[in-house]
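Asks: coordinates for the following, if possible.
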Amino acid sequence: MSGTRRRIPVLAARQHRSGTVLTGIFVLGLAAAWAANHAVAASDWDAHATSRLTVVWLALFFVFMAQTFMYHFERPRRLTPRLSRQLDELHVSILVPVYNEDPGYLKLGLESFLRQTRLPDSVHIVDDGSTSSDYADVRGWWEQAAPVAGVATTWQRVPNGGKRHAQAHAVQVSSDADIYITCDSDSCFAPNAVAETLAPFARPRVQSVAGIVIATNNRANLLARVTDLWFTTTQLVDRSGQSAVGAVMVNSGPLAAYRAGVVRDNLGSYLNETFMGRPVMFSDDSLLTLYAQQRGLTVQQPSAVVFTAMPEKWSHFSRMYLRWMRGSTIRSVWRMRYLSLARPAFWLHLLRWFQMFLVQMVTVWLLLVEPIAYRNLPPASMLWVPFLIGWAQGLRYLGIIRSDERIRSRALTWLLMPLAIILAWTALRWLRWYGIITCARTGWGTRQNGAEVSLTGAATSKPAVSAMAPVAKMLDPYSERTLEIAPPRR
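Replies: Below is the predicted model:
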């Protein structure tokens, strides 16, 4: 496999806090405020129309400014020699569930574990009954390389039960862990990711830590670029603001760390979550984060970076986003039910819903109510406001320095922010509401045969099956081989 896989250099990234970026955000924010004021002043709206919008404008401005101040207060925990010695005493286990992953991405991620400045103590891989590959080459290499590096490891192949059950198998063979790091099978850690992720655990109240997720394939096509821009900016704006008060609401799957008790003590409910009588097959990361919120602080470490494969096709992206929206709706119900009013996460959760409804109300009011009921068309210059705000927040994207990309390429991606905003206000807005309405559909909702993104650029496709001879794929738990069984004819 190594002979056919495209050679990838060691991937590294870091956050750079720049006064230039801060100044740019401030200037673009002021420009957005000026554009909104100029649009209202230059329009033919009367005093009654302006007064109808005053409260809404003030509320949106307050939310925007509060969010801006909050994410600028986030500070990564700094590693010192003394702190490193204390954290070295912790047993760190990485849990790696695998299902129909591209072998190239899987090996890239495993290689990154062995290049860490602070090696994990153990890595536990669980092949969740993959039907596209048994990963024999990757497994053979890994089981030789990990012990040489001093990393204890296990590799299990189990009948397909879903990501949570695969993680549970890994937890059961790592009872001595103090910290669990969860990741995806296409996660590639930056060389200092484990060390940086551990740093916040020096505070006893910290129960979970989220890393920053960026795209391995960010230059594959336009969708991958825009997705990387949107997702990275969201983490460094929304989640950084939450982290400033110790209330991160969702840890991303590619890199998150938890105190072992958060996972072990809640393993039963984690495996058996139901919503409206149906088992929930997604949103595992947000549920683990909720368990951590009930015990203490949940933070983000912006200096801990992980690379992951972003969708390269709209069908893949839309299924992923729809899963997220359904999961966030279910999780909102649980936060209302189980989070204490004393937790900042409870109020931030309410603020997010308030902001979403407020933005939706403004959109409907400007585009429908004002033109139809009052015959007032919104000024064209007001269209600049969301783009200016987007560019201001998107400057945070330029604060991530990558080893595999020049700054001019990232600046080009930053200029694509209007596309990200249009996407968010059209297709993603519709998917969000559709996800809220259909949140009771709790199945996984993604393709079950082969990887959708490949390191070589060609996704693994479903093996051709003759229409005259259909087969069912099942895992033999004894031989760890995938069996193809022809179902009986009717």
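Asks: list the contacts of S340.
Replies: Applying C-beta atoms under 8 Å, 6 or more residues apart in numbering to S340 gives the contacts 294, 346. Any C-beta I mention is one placed from the backbone N, CA and C, and that applies to glycine too.
Asks: repeat for A136
Replies: Going by C-beta under 8 Å, 6+ apart, the list of residues near A136 is empty.
Asks: double-check that Q67 belongs to a helix.
Replies: Yes: under DSSP: H, G, I helix; E, B strand; the rest coil, Q67 falls within a helix.
Asks: checking the nearest residue to it once chain neighbours are set aside next. Helix, strand or coil?
Replies: Nearest residue to Q67, sequence neighbours excluded (C-beta to C-beta, 6 or more residues apart in numbering): G241, at 5.3 Å. Taken by three-state DSSP, the conformation at G241 corresponds to helix.
Asks: likewise for Y180?
Replies: Assignment for Y180 (three-state DSSP): strand.
Asks: now do the same contact list for it.
Replies: Contacts of Y180 by C-beta under 8 Å, 6+ apart are 93-95, 171, 174, 257-258, 260, 263.
Asks: repeat that for 6 Å
Replies: 93, 95, 258, 260, 263 (C-beta atoms under 6 Å, 6 or more residues apart in numbering).
Asks: and what of E74?
Replies: Contacts of E74 by C-beta under 6 Å, 6+ apart are 240, 243-244.
Asks: most neighbours out of these, which is it?
Replies: Using other C-beta atoms under 10 Å as the neighbour criterion, S243 leads the contacts of E74 with 26 neighbours.
Asks: for that one, give its distance to R75.
Replies: Per C-beta to C-beta, to the nearest Å, S243 is found 9 Å from R75.
Asks: if I look at W230, how far off is L236?
Replies: 11 Å.
Asks: so the residue nearest to Q67 sits right up against M70, yeah?
Replies: Yes: in this structure, G241 is within contact of M70 by C-beta atoms under 6 Å, at 3.4 Å.
Asks: who has more neighbours, those two?
Replies: Taking other C-beta under 10 Å, G241 and M70 do not tie; G241 has more neighbours (23 against 18).
Asks: tell me the contacts of the more buried one?
Replies: G241 neighbours (C-beta under 6 Å, 6+ apart): 67, 70-71.
Asks: which one in the residues you listed is the model shakiest on?
Replies: Ranked by pLDDT, those bottom out at Q67, which has 73.
Asks: which residues sit against stretch 84-97?
Replies: Against stretch 84-97 from outside (C-beta under 6 Å, 6+ apart): 120-126, 128, 163, 166-167, 170, 174, 176-182, 198.
Asks: narrow the residues you listed to those in strands?
Replies: 122-126, 179-182 (DSSP state E).
Asks: now, which of the residues you listed sits nearest R406?
Replies: I181 (30.4 Å; C-beta to C-beta).
Asks: looking at it, the closest one is touching A257, isn't it?
Replies: Yes: assessed by C-beta under 6 Å, I181 is found in contact with A257 at 4.8 Å.
Asks: how many other residues sit next to the closest residue to S174 other than its chain neighbours?
Replies: Leaving aside its chain neighbours, S174 sits nearest to S93 (4.3 Å; criterion: C-beta to C-beta, 6+ apart). By the criterion of other C-beta under 10 Å, S93 has 25 neighbours.
Asks: beta partners for S93?
Replies: For S93, the beta-bridge partners under DSSP bridges are S122, Y180.
Asks: what's the distance between L322 and N251?
Replies: Counting by C-beta to C-beta, the gap from L322 to N251 is 20 Å.
Asks: the helices in the stretch 51-200 of the chain, which residues?
Replies: Under the criterion DSSP state H, counting those that start in this stretch, the stretch 51-200 of the chain contains helices at 81-87, 103-113, 136-149, 163-172, 193-198.
Asks: show me what the shortest one is packed against.
Replies: Same thing as helix 193-198. strand 297-308 (3 or more C-beta pairs under 6 Å, 6 or more residues apart in numbering; DSSP states H and E).
Asks: show me where the stretch 201-350 of the chain has its strands.
Replies: Counting by DSSP state E, counting those that start in this stretch, one finds strands in the stretch 201-350 of the chain at the ranges 206-215, 256-259, 274-275, 278-279, 297-308.
Asks: got these as TSV, with distance to R343, mean pLDDT and mean neighbour count columns?
Replies: Listed next are the strands of the stretch 201-350 of the chain as TSV, based on distance: least, C-beta to C-beta, whole Å; pLDDT from 0 to 100; neighbours: other C-beta atoms under 10 Å:
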stretch	distance to R343	mean pLDDT	mean neighbour count
strand 206-215	12	97	26
strand 256-259	17	98	26
strand 274-275	22	94	15
strand 278-279	27	93	12
strand 297-308	10	96	27
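Asks: fine by me, we can end here.
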